Every structure is written in C-alpha cells, then in structure tokens.
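Enquirer: would you be able to build a 3D model of this:
(2 chains)
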There are 2 protein chains.
Amino acid sequence: MSHDETETEARVRSAVGQRRELVNDAIDDDLPMAEPERLYEATRYILDAGGKRLRPTVSLLTGEALGDVEPLSADYRSFPALDGEPFDLLRAAVSVEVIQSFTLIHDDIMDEDDLRRGVPAVHEAYDTETAILAGDTLYAKAFELLSDTGADPAAGLEAVNMLASTCTRICEGQSLDVDFEARDDVTPEEYLDMVERKTAVLYGASAAIPAVLMGADEETADALYQYGVESGRAFQIHDDVLDLTVPSERLGKQRGSDLVEAKETLITLHARQQGVDVEALVSAPTPAEATEAEVDAAVDALDEAGSIEYARDMAEELATRSKQRLSVLPDNEARALLADIADFLVTRGH
Amino acid sequence: MSHDETETEARVRSAVGQRRELVNDAIDDDLPMAEPERLYEATRYILDAGGKRLRPTVSLLTGEALGDVEPLSADYRSFPALDGEPFDLLRAAVSVEVIQSFTLIHDDIMDEDDLRRGVPAVHEAYDTETAILAGDTLYAKAFELLSDTGADPAAGLEAVNMLASTCTRICEGQSLDVDFEARDDVTPEEYLDMVERKTAVLYGASAAIPAVLMGADEETADALYQYGVESGRAFQIHDDVLDLTVPSERLGKQRGSDLVEAKETLITLHARQQGVDVEALVSAPTPAEATEAEVDAAVDALDEAGSIEYARDMAEELATRSKQRLSVLPDNEARALLADIADFLVTRGH
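Expert: Reported below is the predicted structural model:
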C-alpha cells in the first residue's frame, strides 16, 4: 500500500510539475506588469511566491481527458474543443489560479494570517489597502481572461457565469468560517458545507470550466464539477487528519497546531458530539509551547472517540465518489491522472 | 441661463426618479437574501441606503436611445436588441450599480471613511471582515447578473469583458489616488488620469454595455463609452468646484473642506503650478474650525490664479465633448435626456 501510494504520488507530482512551468509562463504572459507598478507588483507577489498549480493542472487534464488527446500533446493555447475549434485552455486554467490568489490575499487580511507560502502575506509585505486592491484587481483580471479564451461565445458566457457563482459560494464559505469562530455548536454537517463553499467549489470550477468551454453536455460538466468538489472536500478533511497524525518535522509545523489554536475541524466537531471536552485536550497557549506528550494524549483521546477514523473514512469515501464521477470521460491517460490526483489528495503524507 | 439650468435639472431629476423604483425593484429581485444572512444583509446595506441610481439610468436611457423607443415604453426585462431579440436590460443596468456598491464598500475601508450616504459605512456598521466579503460578494454577483441577461452570447461575453476591464481600471485609479496622497508633485494631467480610472470609466461602462448587448457596432459602443467617461470626469471636476463655491448650508458640509483636509483636486494642482502656496491657504485643522473669512480668502487666491476658472472650463469642455459623442445615436427623447444628464453634471448646484 505504501508502495502504491508512492507510485500515485510520483505520477501526480510529475503531471503537476510538467504543467507548472507552462502555467507560470502563461501567468507572465496574461498578467503583464502595468502601472501603477506597486499595485501590479502586489498582484504578482503571491502568484510568484509559488503554489503547486494543482487547480490549473486539473483544468488542463480535464481538457485532455475530455478531448481524448495524449497528455501534453496539444498546444494549450489553441486547444481543440469538442467541435475541433481551437480555444485558449491555458488562459482558462490561469483564470482559476488567479481567483485562488485573490481569495488567499483577502482571506489573509480577514484571518490576520501574516505568512503565506513561506513569505509575508500581501497585507504585511505591502499594506492592507494595497492587499484589498491587489485582490480586487486579480478578481477583475480573472474575468477578463475567462471572457477572452476564443471559445464558442455561448460556452464562454456559461463558463463566466460558473466562475462568478463559484466566487459567490467562496465568499459565503469564508463568511461561514468567520461566523463559526464565534459559535460552539457547529455540527459536522455545517462544517462540511462551509468547506465545500470555501475551498471545494473552486476545484469543481477547475474541472468543469474546461468542459463547458469545450462544449461538453451539462451532465458531463456537472459530473466534473462534483469530481472537483468532492476531491476538494476530501483534500481539506485529509489536511485536518494530517495535522494530528504526521510528525512535526515532516509536517513543517507543530503537529496538533489546529488543536492548540482551537481551530474547529471535522475531527473536533465529531469528538464534541461524542462528548469529548475538546477545549481541555491541550493546555499549551501556542503551538510552539505544546509538548509531544500533550499532543499524543490529545490524539489518543480523539482516536478513542473514533473521530480520526470518522474523518479518514469520510475523506476516503469522498475520494472514491469523486473518482466515480470521472466515468463521464473517455478512458485515457489524462483521466487516470485525474483519478490519481483524487487519490493523492487523501494519501499524501504532508 | 439659470432658468434653463432649472429645466434641465427638472428633466434629469424626473428621468432618474422614474427609473429609480424600477432599478430598486430589480435589485430586490436579482440580489435576493440568502444565507449566511449577515453577509447578504451587508451586501444590501449600502445598496438600500439610497443612491441616485444615475448609472443604471444612463444604461436604461442608452438602450432606449439606441433602440429608438419611447422612454419607459418598453419592458426593460425583455428589451428589444437591435435585431429585435429580447434581453434583460434592467439586469445589465443593475450589474453596473452593483459594481459601484462594491467599490464604495472597499474604498471606504481603504480611505477610512466611516460615513456613506448618511449612514455608517459597512465596515463600521458591521466590521472590516464583513465589509471586504460583502464587496467581494457583490463583485461576483455583478458578473453573475451580466452573464445572464439573455442577450446574444457573443455580445454578452464582450459586455462581461468590458465590465471586467473597467473594474481593473477602477482598481488602478483607486491605487493612484492612494499613491498621490504621499506625493506633492502630482500634475493636473496625472490627476485627470486618476479620476478617469477611479470614477469615470464606470460611467463609460454604464453607457456602452447596453450598446454592446444590443449588438451595436464598435464605433457606437466606443462613442458611448467616451460619452460616459467624459461626463464622469466633468462630474468629478464640477464636484471640486462646488466644494469651493457653494455656501456651506446648500453644500451640506463646510465649504472648502477639501482644502482644509488637504485633498488635492484639479484646482489645487493647477494653483500649485501657478506658484500658489496651497498649504498656506487655510490654517484651520478641521473643516468645522474653518471660518468663512478664511475660506473666502483662499477661494479668492485660487480665483486670482485662474484655477477655479481652469477647472470650470475643463468641466464644461468635457460636458460639451461628451454630448457630441451622442451623435452616434438616433435623434430622440432618450438621447436628449442623456445630453441633459451631461449638462446637469456640470451645472448642478450641489
């Protein structure tokens, strides 16, 4: 099993890696520097600070799977739609990544997170005004790009509508996340709904937008949206599991830091329902002050309540369901890679 | 002349007033309450706090002028495009107003303005997080609406692209405005460029988007965009003139408050170039503490430097030019009202 995981991981890392440079080059081309310089520098700052480019990779692979073309064999800038007419699949992929960057910048202001991708957040590196504006500029740019892919206009307009309603859902999710911080009675169902809106729908859009632009039928586009949403939810839940189960040195931060920071996750919400006094599990005021023994004991308590298994099962079930959605696609290498990504999201070790 | 002004004003107020209720009803229909409730309440808060609905009125009148229909005679929800096919002109008009609201909410955060339309700004009435998110939600909603007007898809996609690039320009303008506060060498040309991006382009989009959706040719849409941009610039410059020349009681705030608050306007920038020591004109630290005599003396100095006349001439020239753009439209009542609006923007007394 560990060997299988490694092979899946290797395939995913290779697929993402092969596309990352293309996506980065497209970002350079489609978001050129302009003036005011400081504003445009800020828009590029987080985009250039890294990021796996997982969402644009999903977009590119969906296009390849649906078009039944050999991965990396077609020019993404003039990619054949289902009727053979070329459109700019790469630009559509970039538009989703640009939306992701805008949400990161605004979320970091709201959550007062001062670090992002290992560098100061935009509102720290620049200032809050510039961060708000940089986010707003990226927001506009995403729609400029997606409305200019050369795809069939009716398809292009539908894709714009899908991205816009996805953005609405993201805002709703972030709002729920903020609201939940002031509540102590959030249910696992409410949490999952929040995660779906806040992060999973953009995975959904990443997979469905290429299908819409290529002229796929509604059933196919819907199935791909669900593939993305379910993978995205699985990803987030697995993240919560990793925070508790992976040694700190591999995690790159203190294990159990979600617990110490009193961040609700599917695991703590489930444990609460099982009668666990979650607040009492860890007494350290900051992750740096938490001892391994304290975290071990907390993890044991959550384990005994069945909460970690509950989350792990749910992540795996979502990944399985998401892979089943891919049956709307022709059976080919790109589709297999999309299935690998779903697996990777719930098996990755950090 | 004073009598003419009053007639123009009356016609404009009537045209805007007749459409305001329709626009308000459309806002109710197209931006229904949803959950999270607090978020959606915040999105509606500024929209419901009033506003003349001048931009949507311009959109509706442009549609009527271009379609050569009697004002208020056609159903704005199934308005005939140039090929006779119906589309939702009212929704397009609302999308522009929604963008305007989003920019007000975010600008008020950035400028630390705590009052808007006589009520606390969203970030005061709610909090900064909610204000950022409410703005982001309206941003998404505007694109949801504009991508769903039922217009010809190619036209719809072009309209989306126009609105998105307009939003980019608005962000650039706001960024320049913030940058200018830290500079003492801003030229009148730079100021005019900032005003064009920050406020005038959305007037441009208000006038041009209906033309695009109706299938007008590029020359017509461009001319209408320029009509809006030039009117919008004239509006802003006239605002600067009013601040100095209208008695406080009619202005609803202390006359000369821009000067006291050291806000650069076209007038102060021109005076600076004429060698006037603008900083020394008023010594009161707040508008409330400024005396009429002090403001009178300051206005006299700016008058002597020719700066007020310079601004007034420019506003009038822009209004004249903007009216000339309307020659692309059939000669009808709606076009006359668009011309009245351009006049109104530079003749209104407050």
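
Enquirer: ranges for the strands of chain A?
Expert: With strands called from DSSP state E, chain A shows them at A:79-80, A:86-87, A:115-116, A:119-120.

Enquirer: what residues does the stretch 251-350 of chain A put near chain B?
Expert: On the criterion CB under 8 Å from any CB of the partner chain, chain B has no neighbours in the stretch 251-350 of chain A. No exception for glycine: its C-beta is placed from N, CA and C like everyone else's.

Enquirer: tell me where the model's unsure across the stretch 251-350 of chain A.
Expert: In the prediction, the stretch 251-350 of chain A carries no residues with pLDDT under 70.

Enquirer: for it, just list every one of the helices.
Expert: Secondary structure of the stretch 251-350 of chain A by DSSP state H, counting those that start in this stretch: the helices cover A:257-260, A:266-273, A:292-304, A:307-325, A:333-347.

Enquirer: among the strands of chain A, which is the most enclosed?
Expert: The highest mean neighbour count among those, using mean count of other CB atoms under 10 Å in any protein chain shown, belongs to strand A:79-80: a mean of 22.

Enquirer: residues making contact with it?
Expert: Strand A:79-80 is contacted by residues A:63, A:67, A:69, A:74, A:86, A:87, A:88, A:89, A:90 when judged by CB atoms under 8 Å, 6 or more residues apart in numbering or on different chains.

Enquirer: ok now that strand, how far from the chain's centre?
Expert: Offset of strand A:79-80 from its chain centre (CA atoms, centre = their mean, to the nearest Å): 25 Å.

Enquirer: neighbouring strands - and their directions - for it?
Expert: strand A:86-87 (antiparallel) (DSSP bridges).

Enquirer: before we move on, the earlier item: now the strands of chain A in JSON lines, with mean pLDDT?
Expert: Compiled in JSON lines, the strands of chain A are given as follows (pLDDT from 0 to 100):
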{"stretch": "strand A:79-80", "mean pLDDT": "98"}
{"stretch": "strand A:86-87", "mean pLDDT": "98"}
{"stretch": "strand A:115-116", "mean pLDDT": "78"}
{"stretch": "strand A:119-120", "mean pLDDT": "85"}
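
Enquirer: so which of the contacts of strand A:79-80 is the most crowded?
Expert: Among these, residue A:89 has the most neighbours (other CB atoms under 10 Å in any protein chain shown), with 31 neighbours.

Enquirer: for that residue, what are its contacts?
Expert: So residue A:89 contacts A:59, A:60, A:63, A:76, A:77, A:79, A:149, A:210, A:213 (CB under 8 Å, 6+ apart).

Enquirer: skipping its backbone neighbours, what lies nearest it in space?
Expert: Leaving aside its sequence neighbours, residue A:89 sits nearest to residue A:79 (CB to CB, 6 or more residues apart in numbering or on different chains; 3.8 Å).

Enquirer: ok, now how distant is the one you found from residue A:200?
Expert: Going from residue A:79 to residue A:200 by CB to CB, to the nearest Å gives 25 Å.

Enquirer: report how many residues lie close to the nearest residue to residue A:99 once chain neighbours are set aside.
Expert: Leaving aside its sequence neighbours, residue A:99 sits nearest to residue A:142 (CB to CB, 6+ apart; 4.7 Å). By other CB under 10 Å, 26 other residues sit near residue A:142.

Enquirer: again with residue A:232
Expert: With other CB under 10 Å as criterion, residue A:232 counts 28.

Enquirer: was I right about it contacting residue A:204?
Expert: Yes. With contact defined as CB atoms under 8 Å, residue A:232 and residue A:204 form a contacting pair (6.8 Å).

Enquirer: if we can go back for a sec, from the contacts of residue A:89, which ones fall inside helices?
Expert: Counting by DSSP state H, the contacts of residue A:89 place A:59, A:60, A:63, A:210, A:213 in helices.

Enquirer: report the contact partners of residue A:236.
Expert: A:195, A:199, A:200.

Enquirer: now it: how far from residue A:258?
Expert: For residue A:236, the distance to residue A:258 - CB to CB - is 12 Å.

Enquirer: do the same with residue A:225
Expert: Residue A:225 is 28 Å from residue A:258, where distance means CB to CB.

Enquirer: which one of these two has more residues nearby?
Expert: The neighbour count for residue A:225 versus residue A:258, taken as other CB under 10 Å, is higher for residue A:225 (23 against 20).

Enquirer: go ahead and confirm the more buried one touches residue A:205.
Expert: Yes. Using CB under 8 Å, residue A:225 is in contact with residue A:205, at 7.1 Å.

Enquirer: related to what we said a few turns ago, show me which pair in the contacts of strand A:79-80 is furthest apart.
Expert: Farthest apart among those by CB to CB are A:69 and A:88. That separation is 15.5 Å.

Enquirer: and the strands of chain A as JSON lines, adding distance to residue B:240?
Expert: What follows is the strands of chain A, written out as JSON lines (distance: least, CB to CB, whole Å):
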{"stretch": "strand A:79-80", "distance to residue B:240": "50"}
{"stretch": "strand A:86-87", "distance to residue B:240": "46"}
{"stretch": "strand A:115-116", "distance to residue B:240": "40"}
{"stretch": "strand A:119-120", "distance to residue B:240": "38"}
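
Enquirer: is the residue nearest to residue A:89 in a bridge, and if so with what?
Expert: Beta-bridge partners, per DSSP bridges, of residue A:79: residue A:87.

Enquirer: distance of it from residue A:106?
Expert: According to CB to CB, residue A:79 stands 31 Å off from residue A:106.

Enquirer: list the contacts for the residue of chain A most remote from its centre?
Expert: Distance from the centre of chain A peaks at residue A:293, with 32.2 Å (CA atoms, centre = their mean). If a contact means CB under 8 Å, 6+ apart, then residue A:293 has no contacts.

Enquirer: do you know how far residue A:156 is from residue B:161?
Expert: From residue A:156 across to residue B:161, the span is 9 Å (CB to CB).

Enquirer: repeat for residue A:267
Expert: 44 Å.

Enquirer: quick one, which of the two is more surrounded?
Expert: Between residue A:267 and residue B:161, residue A:267 has the larger neighbour count (other CB under 10 Å), namely 29 against 19.

Enquirer: for that one, give me its contacts.
Expert: A:240, A:241, A:244, A:302, A:307, A:308, A:310, A:311.

Enquirer: same thing but at 6 Å, please
Expert: A:240, A:302, A:307, A:311 (CB atoms under 6 Å, 6 or more residues apart in numbering or on different chains).

Enquirer: how about the residues you listed in JSON lines, adding neighbour count?
Expert: Shown next, in JSON lines, are those (neighbours: other CB atoms under 10 Å in any protein chain shown):
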{"residue": "A:240", "neighbour count": "24"}
{"residue": "A:302", "neighbour count": "27"}
{"residue": "A:307", "neighbour count": "28"}
{"residue": "A:311", "neighbour count": "25"}
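
Enquirer: could those residues go into a markdown table alongside distance to residue B:280?
Expert: Formatted as a markdown table, the contacts of residue A:267 follow (distance: CB to CB, whole Å):
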| residue | distance to residue B:280 |
| --- | --- |
| A:240 | 62 |
| A:302 | 69 |
| A:307 | 69 |
| A:311 | 68 |
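
Enquirer: and stretch A:237-253, what's buried?
Expert: In terms of neighbour count (16 or more other CB atoms under 10 Å in any protein chain shown), stretch A:237-253 has its buried residues at A:237, A:238, A:239, A:240, A:241, A:242, A:243, A:244, A:245, A:246, A:251.

Enquirer: measure the third one to residue A:253 for me?
Expert: Meaning residue A:239. For residue A:239 relative to residue A:253 (CB to CB), the value is 12 Å.

Enquirer: thinking again about what came up before, quick check: the gap between the residue nearest to residue A:99 and residue B:57.
Expert: The gap separating residue A:142 from residue B:57 is 29 Å, by CB to CB.

Enquirer: and for residue A:77?
Expert: In terms of CB to CB, residue A:77 sits 42 Å off from residue B:57.

Enquirer: between these two, tell me which one has more neighbours.
Expert: Set residue A:77 next to residue B:57 and count neighbours by other CB under 10 Å: residue B:57 wins out with 25 against 16.
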